[in-house]
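Visitor: structure for this input, please:
(2 chains)
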Amino acid sequence: MIRWLASRTTEAALTAAVAFVVLVILLHLLPGDPLTAVLRDHPADPAVVAALRHRWGTDRTVWQSLIAFGAGLAHGDLGVSVSEQRDVLVVISERLPATLLLGGLTLLIDFTAGLAIGVWSALHPDSIRARLAGAITVVGYALPAFVVGLVLVWIFAVKLGWFPPSGASDPLLSPGAGVGTIVADRLRHLALPLATLVIATLAVPLRQQRTSALAAAAQPWVLAARARGVRPGVVAWRHCWRPALTPIVTLLGLWLPMLVAGSVFVESVFAWPGVGLLLAQATAERDIPLVMATGFVLIVVIQTGSVLADLLYRVVDPAQRPA
Amino acid sequence: MTRSGILGIALLAALALFAVAGPLVGPDPAFQGDLVRGTLLHPSAAHWLGTDQLARDIFARLAGGARVSLTIGLVAVLVAAAIGSMIGLAAGSLPGLAGRMVARCIDLGLALPRVVVLLVILAGVGEVPPLVLGTVLGATGWPAVARLVRGETMRLRHALFVGAAEALGAPPGRVVWREIFPGTLPAVLVASTLGLADAILLEAGLSFIGVGVRPPAPSWGNMIFEARDYLASAPWLLIAPCVALVVATSAATLLGDALRRSLQPDIR
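Guide: Predicted coordinates for the structure are as follows:
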């Protein structure tokens, strides 16, 4: 197990490294740096431009900036964001908690609710409610996150005024407010982005779980358990849910990239101060140091998720364990 | 074909008709009406879906957007299927190290988050025509197709008819091209139909954050973006492109599911 984990981790690290190199090459192949974005057609002293390029490190070749990034990674200095004029690491560490909070809660809700509804609808395949769950998966599959987000903003923020339309906290909240007020404010801001991301992503685990639970429910041992008079709840939990768990774990690894994509769009709708919005802003500003660091974080997160999913897969699937 | 598959085909055909005929029936999407009295009009007989903040007819823009969005989606899917099939076939049929190297390239492609790559490319190159945008979308969507085709190729390599062709002395290239490749097509067709929904969504999302189709050209995504400033006063600006987008992607998903069921009954 340890040996397997070590080789799998090495493989993931290599994949992440090569993927990152490809991304950086792409970034350097394309025209434009922060200065061209700012200067456009305005005349500027070439000496000043060259000095600024050198200071911000945008005059580096692909290999120079990769080496600088690697060296910076070793001692925790990834350079200065050009658009923010602050340390890249500081900018990212400010944004990461918001994304992890939103993504983590979405993951939790998706997989618990998705599993429960999936198994439940598979046990009653002909009921109207199960058909409804099927219809929801088709529409949920087709609903893009930003459409869900805007419709929710329109209903719950503009029409009803229950939740704020954007941001992660109220900037007018007095600094001396009690903990309860602050928490309530944060929760109110979290509600719409979280609902959006859940609605936009729930269909995938739900659908997967439905198919695998349907297959499990058709197995002879389920019929045997029912014939023995095992209570329906126990049949669902012990005989259908457990064997249907394996495919869903595989899904976990594929699902993280989807969450990354979703968070870029959802964070843009709600001005949620996370990494997805940061990436969109950084690419628009051609902020090369910031794009490199953000891309690196996302690639590492996705590879870590894929290793964890494989690990979990070996835990839940007895056939994968060494004898 | 199931009923839901037929519904999918019908909806896609209706959208295609809308994209082709809509701009011929309705007014010019770029036509700007009376800026004093013509902006943000409710849906009416003169403007079936109302007008936007620049007094442009929303029905016309929706049809123009259908042309753009469907074209981009189709191009993206075709490009992804072509590249993905070639690479997947190579990974599955090349012997030894070469095959493993190509398979590694597919893993690498899958490890690169598509949205990150697209943001980097599109922010770098700036405004591009729809056909180029579709090609870029397709060029980032091939790894999923390639993985699928590789799996199918490895499965078919052990099929009896492939062994028979080899026994009759067919050269390896002919075996791959004439015996294995046609067998992978059903899987590619299913993946491409489902991929059409993804590509349309991705184009809309990218246009929504301002790096896809850029104004004044209409796209469902940038219409939704422009609508967000008028949520309180003119919600019909939001509803029309959202409905079009969801209909298009639902139709592609329904059709893809139905094709999967009828073409690959043995694979869930």
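Visitor: look through the stretch 101-250 of chain B and state the residue closest to chain A.
Guide: residue B:124 (2.8 Å; C-beta to the nearest C-beta). For glycine as for every other residue, the C-beta is placed from the backbone atoms N, C-alpha and C.
Visitor: and the closest residue in space to that residue that isn't next to it in sequence, what does it touch?
Guide: Distance criterion C-beta to C-beta, 6 or more residues apart in numbering or on different chains; nearest residue to residue B:124, sequence neighbours excluded, is residue A:30 at 2.8 Å. Residues near residue A:30 by C-beta atoms under 8 Å, 6 or more residues apart in numbering or on different chains: B:120-121, B:124-125.
Visitor: re the thing from before, how about whichever strand or helix holds the residue of the stretch 101-250 of chain B closest to chain A: buried residues?
Guide: Applying DSSP states H and E as the criterion places residue B:124 in helix B:114-125. Buried residues in helix B:114-125, counting neighbours by 16 or more other C-beta atoms under 10 Å in any protein chain shown, are found at B:114-124.
Visitor: need these in a markdown table (columns: pLDDT).
Guide: Formatted as a markdown table, those follow (pLDDT from 0 to 100):
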| residue | pLDDT |
| --- | --- |
| B:114 | 86 |
| B:115 | 87 |
| B:116 | 87 |
| B:117 | 89 |
| B:118 | 89 |
| B:119 | 88 |
| B:120 | 86 |
| B:121 | 87 |
| B:122 | 85 |
| B:123 | 82 |
| B:124 | 78 |
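Visitor: now do the biggest helix by length in chain B: which elements does it pack against?
Guide: Secondary structure of chain B per DSSP state H: the longest helix is helix B:58-93. Counting by 3 or more C-beta pairs under 8 Å, 6 or more residues apart in numbering or on different chains; DSSP states H and E, the packing neighbours recorded for helix B:58-93 are helix B:3-25, helix B:96-111, helix B:130-156, helix B:181-208, helix B:220-227, helix B:236-263.
Visitor: could you check whether the fifth one is close to chain A?
Guide: What that stands for is helix B:220-227. Yes - for helix B:220-227 and chain A, the contact criterion (C-beta under 8 Å from any C-beta of the partner chain) is met by B:224, B:227.
Visitor: kindly export that helix (C-alpha atoms) in CSV.
Guide: Taking Å, rounded to 0.1, in the frame of the first residue of the first chain, the C-alpha atoms of helix B:220-227 are listed here in CSV:
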residue,chain,number,x,y,z
TRP,B,220,-26.0,33.9,-25.8
GLY,B,221,-23.3,34.2,-23.3
ASN,B,222,-22.6,37.9,-23.8
MET,B,223,-26.3,38.6,-24.0
ILE,B,224,-26.6,37.1,-20.5
PHE,B,225,-23.6,39.2,-19.4
GLU,B,226,-25.2,42.4,-20.6
ALA,B,227,-28.5,41.4,-19.0
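Visitor: give me the angle between that helix and helix B:181-208.
Guide: 20 degrees (axes from the mean of the first three to the mean of the last three C-alpha atoms, to 10 degrees).
Visitor: likewise for the third one?
Guide: Helix B:130-156 and helix B:181-208 are oriented at 140 degrees to each other (the same axes, to 10 degrees).
Visitor: what are the buried residues along helix B:130-156?
Guide: B:130, B:133-138, B:140-150, B:152-154, B:156.
Visitor: which helices and strands does it pack with?
Guide: The contact analysis (3+ C-beta pairs under 8 Å, 6+ apart) places helix B:130-156 against helix B:58-93, helix B:96-111, helix B:114-125, helix B:181-208.
Visitor: picking up where we left off before, mind putting the helices and strands packed on helix B:58-93 into CSV with mean pLDDT?
Guide: CSV is the format used below for the helices and strands packed on helix B:58-93 (pLDDT from 0 to 100):
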stretch, mean pLDDT
helix B:3-25, 82
helix B:96-111, 87
helix B:130-156, 89
helix B:181-208, 88
helix B:220-227, 85
helix B:236-263, 86
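Visitor: among those, which is the most enclosed?
Guide: Burial among the helices and strands packed on helix B:58-93, expressed as mean neighbours by mean count of other C-beta atoms under 10 Å in any protein chain shown, is greatest for helix B:220-227, which shows a mean of 26.
Visitor: still on that earlier bit, out of the helices and strands packed on helix B:58-93, the one nearest residue A:278 is which?
Guide: Among these, the nearest to residue A:278 by C-beta to C-beta is helix B:181-208 (16.7 Å).
Visitor: so which strand or helix has residue A:224?
Guide: helix A:220-228.
Visitor: what about the strands in the stretch 51-200 of chain A?
Guide: A:80-81, A:86-87 (DSSP state E, counting those that start in this stretch).
Visitor: which one of those is the most hemmed in?
Guide: Sorting these by mean neighbours (by mean count of other C-beta under 10 Å), the first place falls to strand A:80-81, with a mean of 22.
Visitor: any idea how far that one is from the chain center?
Guide: 24 Å (C-alpha atoms, centre = their mean, to the nearest Å).
Visitor: that strand - what's its average pLDDT?
Guide: Strand A:80-81 carries an average pLDDT of 77.
Visitor: now do residue A:137 against chain B, distance only.
Guide: 9 Å (C-beta to the nearest C-beta, to the nearest Å).
Visitor: hmm, residue A:206 and that residue touching each other?
Guide: Yes - the pair residue A:137 and residue A:206 passes the contact test of C-beta atoms under 8 Å, sitting 5.5 Å apart.
Visitor: any chance you could list what contacts the helix holding residue A:224?
Guide: In contact with helix A:220-228 (C-beta under 8 Å, 6+ apart) are residues A:216, A:234-235, A:238-240.
Visitor: buried sites along the very next helix or strand once past that helix?
Guide: Downstream of helix A:220-228, the next assigned helix or strand under DSSP H and E is helix A:232-234. By neighbour count with 16+ other C-beta under 10 Å, helix A:232-234 contains no buried residues.
Visitor: ok now the following helix or strand past helix A:232-234, how far from the chain's centre?
Guide: As assigned by DSSP H and E, the chain's next helix or strand after helix A:232-234 is helix A:245-270. Distance of helix A:245-270 from the chain centroid (C-alpha atoms, centre = their mean) equals 5 Å.
Visitor: what helices or strands is whatever helix or strand comes next after helix A:245-270 leaning on?
Guide: Counting by DSSP H and E, the next helix or strand C-terminal to helix A:245-270 is helix A:275-284. Applying 3+ C-beta pairs under 8 Å, 6+ apart, one finds that helix A:275-284 contacts helix A:88-123, helix A:245-270, helix A:288-316, helix B:114-125.
Visitor: can you pull the alpha-carbon coordinates of helix A:275-284 into PDB?
Guide: Only the C-alpha atoms of helix A:275-284 are listed here, as PDB (Å, rounded to 0.1, in the frame of the first residue of the first chain):
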ATOM      1  CA  VAL A 275      -9.100  31.800  -6.800                       C
ATOM      2  CA  GLY A 276     -11.400  31.300  -9.800                       C
ATOM      3  CA  LEU A 277     -12.200  35.000 -10.000                       C
ATOM      4  CA  LEU A 278      -8.500  35.800  -9.400                       C
ATOM      5  CA  LEU A 279      -7.600  33.600 -12.400                       C
ATOM      6  CA  ALA A 280     -10.100  35.300 -14.700                       C
ATOM      7  CA  GLN A 281      -8.800  38.800 -13.600                       C
ATOM      8  CA  ALA A 282      -5.100  37.800 -13.800                       C
ATOM      9  CA  THR A 283      -5.500  36.400 -17.300                       C
ATOM     10  CA  ALA A 284      -7.400  39.500 -18.400                       C
END
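Visitor: for it, what is the average pLDDT?
Guide: Throughout helix A:275-284, pLDDT has a mean value of 86.
Visitor: ok, for residue A:98, nearest residue in space, not its chain neighbours?
Guide: Of all residues not flanking residue A:98 in the chain, residue A:274 sits nearest, at 4.2 Å (C-beta to C-beta, 6+ apart).
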